[in-house]
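In: build the 3D model from these lines:
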Amino acid sequence: MERVIADFSSIETELDSFDAEKRRAVLTRLARTATGALATVPAANVNMHMHSFFSYNAAGHSPSHLAWQAFDSALYAAGLCDFDVLDGLSEFLAAGLLLRLRATVNLETRAYLKEFAGLEINSPGEPGVTYLMGAGFCRPVDPDTREGQTLSSFKEQAALRNKALVARINAQLEAGALDYEADVLPLTPAGYATERHIVKAYIRKTSAVQAKPKAFESFWAQTLKSKPAEVEALQKDPVAFEEKVRARLVKQGGLGYEEPTPAAFPKADDFMAWVKSCRAIPMATWLDGTSKGESDGRKMLECLQAKGAAALNIIPDRNWNIEDSKIRALKLRKLGDIVGIAREMQMPLSIGTEMNKDGQPPFDDLSGEALRPYAPAFLDGARVLVGHGWLSRYADFPYTGEAAAAEFGRDLAAKNAFFAATGKLPPVDQRVAKRLEDLGPERALGYIRESVRVGRWATRYRRQAADANAGNQET
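Out: Predicted structure coming up:
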């Protein structure tokens, strides 16, 4: 898609500064310049799963940059989704208000699912391990609470896994050995690193140590069990080279690989209970349906739904953007199957492109032949997540909360319809946000219901609320 607003590329790079104040100032300047530029652009696509530099983004983008990119692409809605941290939450939601972008914040982790122990699910080479998410966090988690301590434990557990991984690789790769604190953590703005940071750090370190090209190629040829000429050719495609190094260092059969154990990851039950206690939506994830664990999609979703999962995340690009026509046809069929099962189970669907690997698109084109049949379901799912965020933040009415359970009971279809209708309202901007906050939770819920009824942010209810605040009886 072509850019729909003026070219601001000269200052966009400043959005990725590790200085939060600079990011805020640049985004404010961009928003002021671009006000109203997208008024006539139809919004038909979403990306509800974007990693920022607080975990790993291939382009090094911050939450502000991701929000700006979503605005620039005229997305209907966008979701930040970092691994094990919520460090970008306030920044992304504030950017959404500033840009009038429907924004939500998710968290992703790897958890141990005991019922599928021994089966590969959706984390390749890690039997019993599944990716899980919490969707629609709308406020920072207080570090002094039990929820805050649990959040800290996710980060700490990941750091322990990372350090152990680096130690195992270092033992077999002495010439390019890393110092985790000195070589890996500086690549991040807030001290959280992923496997991809580690791989990038090894490539950088060996590039510095083996300064001459021939020495670098000889080193990696030996490590990758390849020929120097093949390494030289691989380097022309940095993405392919990095993936090759990643496979050799950290994946199954690699130098640092270790069979996962239940103790190394949070338990699936515990993670989903934590998500719900944070007033967010526990969400299952699905890769492509080709593993043993995902071969029976209904069985997997029923297991996770029984533990509290209420929505499903999918990365559609992995099911259609494939050169081999037979594999593409197989994966598209499996995509259709899992979408159908999730809809039968009334589990809202969240989609995205991750953006933690070079080459991943900024959003899925829902008008394309492969995804067009599922576009209404994907758009509806985004609306549910956005609606949940607004209802939770301003009206104390989260999707998985007691109030919603009391109102809708087991009628998930009715609940989904209400939350989707809320997310279909025009984006909440700073003015609407202040109005909702001033009303307080009870009146804000009434105001949102009235707005859903009329299909836009209501004005009549606002006047009634103002009269009530002045001491008049509200009708």
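
In: wait, what's in contact with P427?
Out: 96, 100-102 (CB atoms under 8 Å, 6 or more residues apart in numbering). Bear in mind the C-beta positions are built from the backbone N, C-alpha and C, glycine included.

In: closest to G359 out of those residues?
Out: Of all the contacts of P427, L101 has the smallest distance to G359: 24.4 Å, by CB to CB.

In: next one, pLDDT for the closest residue to that closest one other than its chain neighbours please.
Out: Spatial nearest neighbour of L101, chain neighbours left out: F71 (5.2 Å); criterion: CB to CB, 6 or more residues apart in numbering. pLDDT, the model's per-residue confidence, is 93 for F71.

In: and for M133?
Out: 98.

In: can we start the residue count at 10 from this point?
Out: Got it, the first residue is 10 from now on, which makes the last one we talked about M142.

In: can I assume it sits in a strand?
Out: Yes: the assignment for M142 is a strand, going by DSSP: H, G, I helix; E, B strand; the rest coil.

In: verify the contact between it and W283 for me.
Out: No: in this structure, M142 is not within contact of W283 by CB atoms under 8 Å, at 11.9 Å.

In: comparing the two, which residue is more hemmed in?
Out: M142 (28 against 23; other CB atoms under 10 Å).

In: check contacts around the more buried one.
Out: 90, 115-118, 284, 291-294, 322, 359.

In: returning to that earlier point: from the contacts of P436, which land in helices?
Out: G105 (DSSP state H).

In: tabulate the contacts of P436 (CSV), appending neighbour count and pLDDT.
Out: Below are the contacts of P436 laid out as CSV (neighbours: other CB atoms under 10 Å; pLDDT from 0 to 100):
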residue, neighbour count, pLDDT
G105, 28, 97
R109, 19, 94
L110, 25, 95
R111, 27, 97
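
In: and of the contacts of P436, the nearest to T431?
Out: R111 (10.7 Å).

In: so which residue is dead centre in the protein?
Out: C90 (2.3 Å; CA atoms, centre = their mean).

In: doesn't that residue fall inside a helix?
Out: No: membership of C90 in a helix is not supported by three-state DSSP, which gives strand.

In: so the spatially closest residue to it that is not a sequence neighbour is in which element?
Out: Nearest residue to C90 in three dimensions, chain neighbours excluded: N115, at 4.1 Å (CB to CB, 6+ apart). Per DSSP states H and E, N115 falls inside strand 111-121.

In: by contact count, what packs against that strand?
Out: strand 55-59, strand 86-92, helix 98-108, strand 138-146, helix 277-286, helix 384-404 (3 or more CB pairs under 8 Å, 6 or more residues apart in numbering; DSSP states H and E).

In: ok, the residue nearest to C90 to D438 distance?
Out: 22 Å (CB to CB, to the nearest Å).

In: those two: who's more crowded?
Out: N115 (27 against 15).

In: quick check, that one in contact with L141.
Out: No: using CB under 8 Å, N115 makes no contact with L141, being 10.6 Å away.

In: quick one: common contacting residues for these two?
Out: M292.

In: picking up where we left off before, list the contacts for the residue nearest to the centre of the chain?
Out: C90 makes contact with 57-60, 114-117, 142, 361, 363, according to CB under 8 Å, 6+ apart.

In: contacts for stretch 150-166?
Out: 93-95, 118, 201, 273-275, 283, 286-287.

In: 6 Å instead, please
Out: Contacts to stretch 150-166, defined as CB atoms under 6 Å, 6 or more residues apart in numbering, come from residues 93-94, 118, 201, 283, 286-287.

In: filter the residues you listed to the buried ones?
Out: 93-94, 118, 201, 283, 287 (16 or more other CB atoms under 10 Å).

In: so where is the stretch 60-209 of the chain shaky, pLDDT-wise?
Out: Counting by pLDDT under 70, the stretch 60-209 of the chain contains no low-confidence residues.

In: per-residue pLDDT, E483?
Out: Looking at E483, its pLDDT stands at 38.

In: once you drop chain neighbours, what's closest to G368?
Out: Using CB to CB, 6+ apart and skipping residues adjacent in sequence, the residue nearest G368 is V248, 5.6 Å away.

In: show me what counts as buried in the strand or helix carrying that neighbour.
Out: Element membership of V248, judged by DSSP H and E, is helix 247-258. Neighbour-count burial for helix 247-258 flags 250-258 (criterion: 16+ other CB under 10 Å).

In: before we move on, what about stretch 130-145?
Out: 130-132, 135-145.

In: just the endpoints, please. Distance across it?
Out: End-to-end span of stretch 130-145 (CA to CA, to the nearest Å): 24 Å.

In: and what of stretch 348-364?
Out: End-to-end for stretch 348-364, by CA to CA: 22 Å.

In: mind listing what S61 touches?
Out: Contacts of S61 by CB under 6 Å, 6+ apart are 71-72, 75, 89, 91, 97.
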